[in-house]
Every structure is written in structure tokens, then in C-alpha cells.
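Asker: Below are the sequence and a predicted model; questions follow.
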Amino acid sequence: MTSPPAGPAGGVLCLPVDGVGEVGDGDDLAQIIVAALGPEGLADGDVLVVTSKVLSKAEGRRVHQTKDAALAAETARLVARRGSTSIVRTHHGYVLAGAGIDTSNTEPGTVLLLPVDPDASARALRERLAGLTGCNVAVVVTDTAGRAWRHGQTDLAVGAAGVAVMHDYAGVGDGYGNELAVTAPAVADEIAAAADLVKGKLARRPAAVLRGLADWVLPPGQHGAGAGALVREEDQDMFGYGAREAVLLALRGDPASRSGFGRAADAAEVVRALTQLGLDVTVTGARVDVRLPDADERMLGRLDATARAALFALGWRFVPRETGSHDPAVLGFEKPTP
């Protein structure tokens, strides 16, 4: 396999783009940025980083709507809610506070939504810049997001064109002969975060140029996988719900919420989990039987609910026995066929 670039030996220059001004619906953002850059302009191998906010303004994504109404429309699935803060998975697949909806730097009574297809927006902007300047540049579209285990926020890529958004080092050896297995830097996110250091949140600089990353920029006409490739598939997501939400949804057992629990566990994991709950488990082929102990009706009901909630969270489904052969003390579950 081809080794990823070793990194820019000469360092990276991060240049703010001043003078963009207010952008409105239908404005030619590429032309505005080229004019703002002045005579030095862009160069082959540059990466232009723009905020999703300014792109949304140019694409007419400013809507007269309450934030609550916009949030409901942009939400594919609620991940967690604490007080007035809602973390949701958007229709793009991004997990963001408030679905990435912005209420700052826009007229009262309006909100800014993320671009409908940020990767497509990045591709269009890249092609327009190439037509205006003749330069082969990459484009990264950014938004601000928190991190589940850390305070504060950082910018990440929600759209990208002309840049390899991630470099997988799996199979590459380090200087000591160790083979790397799971190292895959999200290059587009690192570019987004670096650019934010010069854009700033209150400086009204919606764009920056990173110079020195030519090895990461793809040839003209090759846009790459886009930032959508960085979205973790739902069946691989180990944090599809907040801790409270996961418990409540498992107890409810609504099939519509199943995707947020990730891929179904294997039989060994099911046995381990249910045994830890004090349940008597038997595995027969692709079926797991949970035998409820002799107990009073209230205790049986509680254990029944516990087993069903646990198996729902683990991705297994309840299988009723045929009429006349059902043992009320045994609950059967099977792993869904992919």
C-alpha cells in the first residue's frame, strides 16, 4: 500500500481571509473570497477553509423559523438532552448540539441551517475557484462541535473537496518496526481546527487559507470521498444515545430507536451481559433462552422486563413460542439476520 505523506517539511502557513463582509442569498462566494484575498490570491496546493455559516448564507439556508421548529426538521434522531441542550444526529449523519443550527450573525427571527449537502457545496466552490484563478486548491467546510469527553469546542469538517479527508496508516511500520493497526488521522478535521485559530469567532473572518499541505491536495477533477466519509456508520457507533436516554429507550423497546444502539452483540456477549444481571441463560444455535426463576408474580414481571430491555439494547429480538408449547418461565431471543 502507498504510505501517506510524512507531513510538510517546511511547516504550514495559516492565512486569514479578511474583507469578506456580509454574504447574502445567491452571492458568488468564490468571487467574493478571490477579491478579498487580493493580488497574492490562491496558489496551487492551497486549502481554502470556509465556515458552513457563510456558505449557508450564500445558498439561501437562512430561514424565518424558530430554533425549536428548525431543530425538529433537521433532526434524524435525538441522541441526548440535558436541560435546554439537545444533541442530535442530523440528516447528514453529523452528531451536533442543536443540529448545527446557528442563531448568531443573522437577523432576529431567522436561523441558519447547515448546507443541504456540504460535500456537494465544497465541490462546487472548488470548481468555481479553479475557473476564476486557474489554481488547484482544496476546499474544507467547517462547523463547530463539542467533544463528548472534553470541555470546549473545536471546528471540524462537514464538507470537503480535493483533499484526502483521512489517511489510514494500517499496515505501515513505524521507526521501530511496529506495524500500525488503528491509526487513521482525520486530516480534514485537523485542517478545520487549525484554520479556526486565525478565523476566530468574533473577528468576522469566515475563511482562511492553509499553505504547505500540497501533498494532501488531490489532482484537478478528483474531489475525494468528502467529509461524509468521516461519519461513523450507525452500526459501529458505540455512543448512539446518552446514558439516560439509552436506559429509557431500552425499557420502552420501540423498534424505531433500535439503530442508535449499534450492531447486534454476538451470543458470547449476550450471555456475559445477562449472566451479570443474574439471569439463567442457555444458548442453542442462534437462539438465547432466558429461564426465569420460581418467584412471585411481581418479581417475575420485573425479571421479564429486565431481560427484554437488556436483549433489546444488545440487538436481539424476542421470539414467542408456538401456541401450546410456550413455557412462561422461558423467554426466547434470536439475533436478527443482517
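Answerer: Structure's in. What do you need? All figures in this text were calculated on a predicted structure; none of them were measured in a lab.
Asker: Hmm, residue 304 and residue 291 touching each other?
Answerer: No: using C-beta atoms under 8 Å, residue 291 makes no contact with residue 304, being 11.5 Å away. C-beta: built from backbone N, CA, C; applies to glycine.
Asker: Could you give me the buried positions within the lengthiest strand in the chain?
Answerer: When every strand of the chain is counted residue by residue (DSSP state E), the longest turns out to be strand 150-161. The neighbour-count check on strand 150-161 (16 or more other C-beta atoms under 10 Å) flags 155, 156, 157, 158, 159, 160, 161 as buried.
Asker: Would you confirm that the second one contacts residue 191?
Answerer: What that stands for is residue 156. No: at 9.7 Å, residue 156 does not count as touching residue 191 under the criterion of C-beta under 8 Å.
Asker: which residue ranges form the helices in the stretch 101-250 of the chain?
Answerer: Counting by DSSP state H, counting those that start in this stretch, one finds helices in the stretch 101-250 of the chain at the ranges 118-133, 187-199, 243-252.
Asker: quick one: which of those helices is nearest residue 280?
Answerer: helix 243-252 (20.3 Å; C-beta to C-beta).
Asker: can you list contacts of the closest one?
Answerer: 78-81, 240-241, 257, 260-261, 305, 309-310, 312-313 (C-beta atoms under 8 Å, 6 or more residues apart in numbering).
Asker: Can you name the next helix or strand after it?
Answerer: Next helix or strand after helix 243-252 toward the C-terminus (DSSP states H and E): helix 267-276.
Asker: quick one on the thing from earlier: looking at pLDDT only, which of the contacts of helix 243-252 scores worst?
Answerer: Among the contacts of helix 243-252, residue 305 carries the lowest pLDDT, at 90.
Asker: SS state for that residue?
Answerer: helix (DSSP: H, G, I helix; E, B strand; the rest coil).
Asker: what's the closest non-adjacent residue to it?
Answerer: residue 251 (7.1 Å; C-beta to C-beta, 6 or more residues apart in numbering).
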